[in-house]
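K.L.:
The following comprises the amino acid sequence and a computationally predicted model.
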Amino acid sequence: MDKLKSVLSGEEGRTQDRTILQAANEASTLGWGTRVKGFVGCFVIGCVCTLLGVCVLFIPKIGITLFIVFYSLGNVCSLCSTMFLMGPVKQLKRMCDKTRALATTIMLTCLVLTLCAAFWWKNFGLALLFCILQLLAFAWYGLSYIPFIRDAMLKMMTMCIK
């Protein structure tokens with residue numbers, strides 16, 4: 001049926017010139033409503049995981065481990081939620097942009113170090129420190145998308161240091 005539509009509309013020659021990647025991209029694009037629903041759903045899951053992590057923090061013996069897992073999973077879900085709005089390739093390009101490359105690197109490094117400190121090194125004090133750094137890095141990363149906020153924060157920090 002699609003072949004008939006393309007012949008009748010005069011687009012038959014144009015569709016043959018498309019590459020496989022272009023065809024896959026056109027077939028996998030989401031509408032704006034679906035993107036917003038995916039963003040909201042993924043962001044809510046991320047927030048629920050983070051809150052669940054805080055709730056299980058005080059369970060004896062395994063509470064801190066569960067907190068670290070849920071907190072890190074919540075941050076990953078919240079970060080992935082923005083991929084619904086921009087698309088994964090554009091999001092990854094923006095994450096590696098020169099204005100937010102440092103924030104992205106610090107955020108992802110803190111996320112990995114949090115999990116390493118909890119599961120590999122078994123040092124929960126260090127894991128909690130990395131959780132705090134993860135929170136600050138995630139906030140810095142989020143602020144990097146707001147124009148002029150990054151510069152205002154840097155000026156404010158230099159004024160506070162003096």
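P.N.:
Yep, it's here.

K.L.:
residue boundaries of the strands in the protein?
P.N.:
For the chain, applying DSSP state E gives no strands.

K.L.:
quick one: low-confidence ranges for this structure?
P.N.:
Residues of the chain meeting the criterion pLDDT under 70: 1-28.

K.L.:
Mind doing that once more with 50?
P.N.:
Applying pLDDT under 50 to the chain flags residues 4, 7-8.

K.L.:
Pick out the residue nearest the middle of it.
P.N.:
Leu79 (1.6 Å; Cα atoms, centre = their mean).

K.L.:
who touches that residue in this structure?
P.N.:
Gly46, Met107, Phe138 (Cβ atoms under 8 Å, 6 or more residues apart in numbering). For every residue, glycine as well, the C-beta is placed using N, CA and C.

K.L.:
and if you look at Leu57?
P.N.:
Gly63, Ile64, Leu66, Phe67 are the contacts of Leu57 under Cβ under 8 Å, 6+ apart.

K.L.:
neighbours around the closest residue to Ser144 other than its chain neighbours, how many?
P.N.:
Spatial nearest neighbour of Ser144, excluding adjacent residues (Cβ to Cβ, 6 or more residues apart in numbering): Arg100 at 4.0 Å. Each residue near Arg100 was counted by other Cβ atoms under 10 Å, and the total is 19.

K.L.:
Need phi/psi at Lys61.
P.N.:
Per-residue torsions, Lys61: phi 70, psi -50 (degrees, to the nearest 10).
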